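[1] Mind folding the following:
(2 chains)
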Amino acid sequence: MFRPFTAQALVGMVAALAAMLLLPLVSTDPYLMHVMVLVMIFGIFASAWNLVTGFAGLKTFGHHAFFGLGAYGSALMAIHLGLSPWLTLWLGGLLAGAAGLLIGTPILRIRSMPHVAIVTLGFAEIVRICIANLSGLTRGEMGLWGIPQFQGFTLPVVGKVSFTPADKVSFYYLALALTVLTLFVIVRLMRSKTGLAILAMRDGEDAAESLGVNLTRLKLLVFGLSAFIVGIAGGFYAHYLSILTPHSVVGVDLMISIIAMVLVGGLGTFSGPLVGALVLTVLIEALRDLENYRLLGYGLLIVLIVMFLPRGIVTLRERLSFRQQEQANHGS
Amino acid sequence: MNLAIFLEQILNGLITGSMYALIGSGIALVYGTMRVLNLAHGEFYMLGGYFTFYLIVQIGLSPLLAIPLAVAIAFCLGALIQKLTIEYLIVRENWAFTTIAATLGLSIVLQNAALLMFGEQFNTVPYYVQGVMSIGDIRLPWQRVLIFVVALATIAGMTWLLKYTRLGWSIRATSQDRDAAQVVGIPVRRIYMICFGLAAALGALAAAMLAPINAINPWAGIPILLKGFVVVILGGLGSFPGAIIGGLFLGVVEAVGVQLTSSEWRDVISFTLMIAVIWWRPWGVFGTK
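    Residues are numbered from 1 along each chain as shown, chains lettered A, B, ... in the order given. Here you go, the predicted structure:
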């Protein structure tokens, strides 16, 4: 993590960012914009899940709880308190982060991966059932609709920016800003001294603790930050689609998609979750007719990736070149 | 509240709890021996339910024949799935995570395969026994009594198997120390396969017994899996006796909790109980440190 970015990686990052910035100039097709906004929402979610699972080694399977809390939290605050979505987005994130700390405290002080997996799953189920049952507040399974949109504003050069279903481009740039911000925070964290401690904790808890790493505090920090980021993604999702159901934001299906994305892209890498989100979301859109087989495909992908390509596709090239080198060595 | 109704609810809780105990003991068996958290356990329940449904309703077998057959199929399927997936993952470095992820993927595959094969409708089986038992004011359908009796007999059988047979000794030796077991010549790999099969069989049996009461659909395994997790947390992860007591306890707590609130909060009650237990005694209410 402390290795300076190689020239190749830097060029890759700049090129990817430039491509994303320029995409709307090539085409503002609403469908394309919609797919890309979804890719970025899932990309943020996947990056945050990768932070806890891939970097910190806390294998949680219930992060959709925080997505739902962020989404419903932000939407309900905007509807009932009349606050601006620009504010509730962050409040929803804070709500999710606080819930992350609350649920993280009991499980993170014990060193048992199965406990973490079970409790996070159970917590997500509690959140889903509460949202479904408290129908006076959330309209339950009927779905919460009429969620306020982000208010528009005027920028010096661009002119008026508005956020309505017809203006997908402004949502696109907002999502891009959030994605870049998320990635910036994660990269900065992981390349700092704390990041080194996080990796040390993942690779050897006892060794890390003996060197003075406060495990519980570090785990809570990572877990809370990740929940906060996922909550922001959820809030953005709520104000973008302006309709929520308990199943769409706190369903296990969502978590499965995210896990598949991260595993396909590459667990424990910076670019993996984003690449995974892009590949799987675009693939699904391309194979629309096979909607019935979508989850079956995700499940198979998870099993196959775990068995045959545990480091994901972003490490594929490295592995291939390594293999070629090996063969060359054998040949000489 | 009427005392008879209250007692009836407690009894119903114990009966549901006996099924939770079967589910939980399957999870505990696999975790205890292999240290693998099987997220696909609920799907063995779901498939067991479908096997029972097809054997009884479509083929017309008697339940006496159909249930053992469904359980046997589930055993083979469980063993086969273990052989094809977990077998390879468990020897790798990162096995603790990869096995959880792989069983999660498997569970999604099995759910959606069932959806494609069997459709999304709810299927039930006719009651195995008719009539209602009454003691004083307490009335219980014989079907529920039968569920309880079968659960107790299965638990007794499993306990006997684990305590007094060579297979049981091998399983317990493997769970205590895998390497030492291997040294004394226990075929650890085969024990893993058998344990996975046994767990699947226990899940399928629970489904077969509950099929007349709880309709089977492709997603029937999800709530069951989560309940099984609550049970193993209560009983101490990986403890077979803990899972039995945990299951019965959870059944009673839910029955009382539902009396005090309403049935739609049932799952929230059990998951909150689980999180409270993790705060208070992470090694389980009935487990030892």
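[2] When you work out contacts or count neighbours from here on, use the C-alpha atoms and nothing else.
    OK.
[3] ok, now which ones touch A:Ile243?
    By C-alpha atoms under 8 Å, 6 or more residues apart in numbering or on different chains, A:Ile243 lies in contact with A:Gly143, A:Leu144, A:Trp145, A:Gly146, A:Ile147.
[4] Then A:Thr164?
    With C-alpha under 8 Å, 6+ apart, A:Thr164 has these contacts: A:Gln149.
[5] so where does it fall, helix or strand?
    Counting by DSSP states H and E, no helix or strand carries A:Thr164.
[6] Then the one 10 residues further on?
    Secondary-structure element containing A:Leu174, defined by DSSP H and E: helix A:168-190.
[7] Output the contacts of A:Ile243 in TSV; the columns should cover distance to B:Ser62.
    Formatted as TSV, the contacts of A:Ile243 follow (distance: C-alpha to C-alpha, whole Å):
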residue	distance to B:Ser62
A:Gly143	45
A:Leu144	48
A:Trp145	51
A:Gly146	55
A:Ile147	55
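[8] Next step: these restricted to strands.
    Among the contacts of A:Ile243, the members falling in strands (DSSP state E) are A:Leu144, A:Trp145.
[9] out of the contacts of A:Ile243, who's nearest A:Gly251?
    Closest approach to A:Gly251 among those (C-alpha to C-alpha): A:Gly143, at 13.4 Å.
[10] Kindly provide the distance from that closest one to A:His247.
    Noted for A:Gly143: a distance of 9 Å to A:His247, by C-alpha to C-alpha, to the nearest Å.
[11] Adding neighbour count, write the contacts of A:Ile243 out as TSV.
    Shown next, in TSV, are the contacts of A:Ile243 (neighbours: other C-alpha atoms under 10 Å in any protein chain shown):
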residue	neighbour count
A:Gly143	16
A:Leu144	20
A:Trp145	16
A:Gly146	13
A:Ile147	21
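[12] Now the two most distant members of the contacts of A:Ile243.
    By the measure C-alpha to C-alpha, A:Gly143 and A:Ile147 form the most distant pair in the contacts of A:Ile243, at 10.8 Å.
[13] returning to what we had before: quick check, nearest of the contacts of A:Ile243 to B:Ala96?
    Using C-alpha to C-alpha, these come closest to B:Ala96 at A:Gly143, 37.6 Å.
[14] Tell me the pLDDT of the closest one.
    Per-residue confidence at A:Gly143 stands at 78 (pLDDT).
[15] Would you agree it is in contact with A:Leu241?
    No: in this structure A:Gly143 lies outside contact range of A:Leu241 using C-alpha atoms under 8 Å: 12.0 Å.
[16] the strands in the stretch 151-289 of chain B, which residues?
    Counting by DSSP state E, counting those that start in this stretch, one finds no strands in the stretch 151-289 of chain B.
[17] For it, list the residues in contact with chain A, please.
    Where the stretch 151-289 of chain B comes near chain A, counting by C-alpha under 8 Å from any C-alpha of the partner chain, the residues are B:226, B:229, B:233, B:264-265, B:267-268, B:271-272, B:274-275, B:278-279, B:282.
[18] now these: which count as buried?
    In terms of neighbour count (16 or more other C-alpha atoms under 10 Å in any protein chain shown), the buried residues within these are B:Leu226, B:Phe229, B:Ile233, B:Trp265, B:Asp267, B:Val268, B:Phe271, B:Thr272, B:Met274, B:Ile275, B:Ile278, B:Pro282.
[19] Would you mind giving these as CSV with pLDDT added?
    As requested, these are exported to CSV (pLDDT from 0 to 100):
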residue, pLDDT
B:Leu226, 88
B:Phe229, 89
B:Ile233, 86
B:Trp265, 83
B:Asp267, 82
B:Val268, 85
B:Phe271, 86
B:Thr272, 86
B:Met274, 85
B:Ile275, 83
B:Ile278, 81
B:Pro282, 73
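[20] model confidence over whichever strand or helix holds A:Met40, on average?
    Element membership of A:Met40, judged by DSSP H and E, is helix A:30-50. Helix A:30-50 shows an average pLDDT of 90 in the prediction.
[21] Tell me which residue in the stretch 101-250 of chain B sits closest to chain A.
    Nearest residue of the stretch 101-250 of chain B to chain A (C-alpha to the nearest C-alpha) works out as B:Gly105 at 4.1 Å.
[22] element containing that residue?
    helix B:95-118.
[23] neighbouring contacts of that helix?
    A:59, A:113, A:293, A:295-303, A:306-307, B:35-43, B:47, B:85-86, B:89-90, B:218-219.
[24] residues near residue 185, how many?
    If you meant another chain, say so; for now it's chain A. For A:Val185, the count of nearby residues is 14 (other C-alpha atoms under 10 Å in any protein chain shown).
[25] my question was about chain B
    For B:Gly185, using other C-alpha under 10 Å, the count is 9.
[26] go on, A:Lys160?
    By the criterion of other C-alpha under 10 Å, A:Lys160 has 10 neighbours.
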